[in-house]
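S.K.: whatever this is, show me its structure:
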Amino acid sequence: MEVKTVWFAQRNRSARAHNPPRFVRERREDGHEANAVQGPALPDESTVHFVLDLAIRIGEVQMSSGAGASDATATIIAVANAYGLPHCEVDVIFTSITVTCHRGVDHPPITSLRVVRSRSLDYTRLALVERLVQDITRGEISVRDAHIELNKITTAPHPYPRWLATLAYAGMAGAIALLIGGDAAMAVFAGVITALVDRVGRLLNKRALPFFFQQVVGGALATTAALALVASNLLPEQTRPTLVVAAAITVLLSGLSVVSTVQDAITGYNVTAAGRTIEVSLMTAGLIAGVVLALNVSVGLGLPPQTLADPLTPSALRLPLQTLAGGAAAGCFALASYATRRAALVAAVAGAAGAGGYSALVLAGVGTIAASAVAATVIGFTGGLISRRLRIPPLVVAVSGMVPLLPGLTTYRALFELAVERTINGLPTLMIAASVALALAAGVVLGEYLAQPVRYGLGRLERRFAGPRMAGPLRPTRRRLD
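M.R.: Here you go, the predicted model:
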């Protein structure tokens with residue numbers, strides 16, 4: 001059968017951006033002519049494999065840094081479109097990413113798969129990858145140069161030494177101790193205990209101990225150290241171990257991907273959200289098991305019983321201190337997660353705004369859950385407005401800013417009531433802690449969503465992938481025609 005190409009129909013003026021299917025005129029055996037679709041004009045097969053590998057590796061970096069599935073999906077499609085692959089399907093299921101490039105009816109699709117194995121917080125790496133994606137979507141870098149740049153980013157060491165991250169975690173614990181009502185002595189003890197927990201966790205991680213057991217060890221070690229210091233009479237009498245342990249628990253809770261879990265659930269990635277939910281639940285269960293184990297052992301050994309610290313009474317006099325402590329905690333967490341200095345500064349501002357707003361709302365008589373949701377929404381909104389202009393991923397500001405508000409003290413109170421006091425009151429308290437965590441994550445996601453129309457308006461990519469964007473480009477940028 002002789003095939004003769006007569007014309008090409010373009011469905012869109014932006015042929016380079018959308019690369020429409022080609023319509024060709026076929027001359028059949030009976031002498032009549034008919035239209036047939038041959039698919040879009042694509043690069044050669046080796047180039048398609050090269051582009052898919054680049055896009056899927058960028059998505060892997062985003063997922064391993066805590067970005068949501070919608071962010072990774074939109075970024076992969078934007079990168080593929082920038083290099084001439086207009087028809088790609090992306091499937092993200094928490095532990096793997098699959099990308100398929102459709103090449104019309106005459107050629108089989110090309111599929112690439114990559115497993116997301118490691119999940120470590122390195123916000124500098126995430127920021128560098130986002131800048132690379134911006135260069136790609138603007139047409140400022142070739143696919144091979146982008147591969148080389150991505151290899152440099154993923155193989156580069158952390159920007160700060162590991163001991164600095166330990167000091168940052170200690171500073172974060174000390175700031176949280178001040179935030180929830182402790183004094184300077186409690187802040188110092190919370191920092192020392194948290195540094196010890198971090199170093200022990202580092203050793204266990206080198207030996208590939210599963211993270212569940214690392215959480216068990218961390219919770220048990222923090223509780224045991226605080227109770228042992230008080231029982232040995234090495235601390236002042238007014239020192240309350242409840243606040244020290246609560247600060248350490250908050251640090252352990254900060255590493256959980258609560259924000260991305262809620263983001264995936266809201267944006268419709270239910271399988272990924274379910275996987276993240278199981279991970280967060282399992283890590284929290286490990287922390288609970290460690291704390292309860294330490295409390296039960298202390299009771300069995302006959303250590304002096306420790307009373308729970310009373311909830312902090314709202315006071316206008318403590319509002320400036322709480323604001324500063326919240327900013328310090330957020331900034332320290334950003335440094336511990338290897339964020340850039342600019343990102344850490346912005347995160348500190350967001351944390352101060354969130355902590356100050358939360359304290360002011362509680363002082364005005366607003367409930368804990370509602371105050372947490374409103375403060376987190378402010379964090380997401382203001383962080384979303386500022387971070388893009390400063391070329392900082394909104395995820396860094398959102399996660400770091402909400403860290404000071406995590407319910408570490410409420411969680412410890414619930415576990416103490418269940419393990420030591422043996423009362424059923426611990427279950428409602430534990431549900432309150434879970435509700436506060438959910439309110440924080442949902443508020444951050446809502447704030448980022450509200451900030452999008454204010455920044456750029458809703459572009460085509462946002463309408464296609466409904467929901468807030470914490471990483472990656474907000475909308476695809478057309479590649480320049482050379």
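S.K.: going forward, measure contacts between C-alpha atoms and count neighbours the same way
M.R.: OK.
S.K.: what's the helix or strand for residue 421?
M.R.: Under DSSP states H and E, no helix or strand contains residue 421.
S.K.: count the neighbours of it for me.
M.R.: For residue 421, the neighbour count with other C-alpha atoms under 10 Å is 12.
S.K.: assumed residue 91 was part of a strand.
M.R.: Yes. Looking at residue 91 with DSSP: H, G, I helix; E, B strand; the rest coil, it is inside a strand.
S.K.: my read is that it contacts residue 99, right?
M.R.: Yes. If you go by C-alpha atoms under 8 Å, residue 91 and residue 99 touch, sitting 6.5 Å apart.
S.K.: and those two? which has more neighbours close in?
M.R.: Ranked by neighbour count (other C-alpha under 10 Å), residue 91 and residue 99 place residue 99 first, with 23 against 16.
S.K.: contacting residues around the strand or helix carrying the more buried one?
M.R.: In this structure, residue 99 sits in strand 96-101 according to DSSP H and E. Residues outside strand 96-101 that contact it (C-alpha atoms under 8 Å, 6 or more residues apart in numbering) are 52, 56, 59-60, 85, 87-92, 109-116.
S.K.: quick check: what element follows the helix or strand where residue 213 lies along the chain?
M.R.: Residue 213 is part of helix 211-231 when elements are defined by DSSP H and E. The element immediately downstream of helix 211-231 (helix or strand, assigned by DSSP H and E) is helix 241-254.
S.K.: and that next one, which residues are buried?
M.R.: Within helix 241-254, the residues that count as buried by 16 or more other C-alpha atoms under 10 Å are 241-254.
S.K.: farthest-separated two in those residues?
M.R.: Using C-alpha to C-alpha, the buried residues of helix 241-254 span at most 20.1 Å, a distance reached by 241 and 254.
S.K.: low-confidence stretches in the chain?
M.R.: 1-43, 118-120, 233-240, 303-314, 388, 453-482 (pLDDT under 70).
S.K.: middle-most residue in it, spatially?
M.R.: residue 66 (3.5 Å; C-alpha atoms, centre = their mean).
S.K.: for residue 348, pull up the helix or strand it's in.
M.R.: Going by DSSP H and E, residue 348 is part of helix 341-363.
S.K.: got the buried residues for that helix?
M.R.: Quick answer for helix 341-363 (16+ other C-alpha under 10 Å): 343-363.
S.K.: ditto for stretch 190-205
M.R.: Neighbour-count burial for stretch 190-205, counted by 16+ other C-alpha under 10 Å, picks out 190, 191, 192, 193, 194, 195, 196, 197, 198, 201, 204.
S.K.: confirm the fifth one sits in a helix?
M.R.: Okay, so that is residue 194. Yes. Using three-state DSSP, the assignment for residue 194 is a helix.
S.K.: with residue 293 as the reference, measure out to it.
M.R.: 18 Å (C-alpha to C-alpha, to the nearest Å).
S.K.: with the first one instead?
M.R.: The span separating residue 190 from residue 293 equals 20 Å under the rule C-alpha to C-alpha.
S.K.: again with residue 226
M.R.: Look at residue 226 and residue 293: by C-alpha to C-alpha, they are 14 Å apart.
S.K.: now swap in residue 442 and tell me
M.R.: 31 Å.
S.K.: of those two, which one has the most company?
M.R.: residue 442 (24 against 18).
S.K.: that one is in contact with residue 264, isn't it?
M.R.: No. Using C-alpha under 8 Å, residue 442 is not in contact with residue 264; the gap is 10.9 Å.
S.K.: please, where are all the helices along the stretch 1-150 of the chain?
M.R.: 15-18, 45-64, 69-82, 123-137, 143-155 (DSSP state H, counting those that start in this stretch).
S.K.: and among the ones you listed, the most buried is which?
M.R.: helix 69-82 (a mean of 26; mean count of other C-alpha atoms under 10 Å).
S.K.: that'll do, ta.
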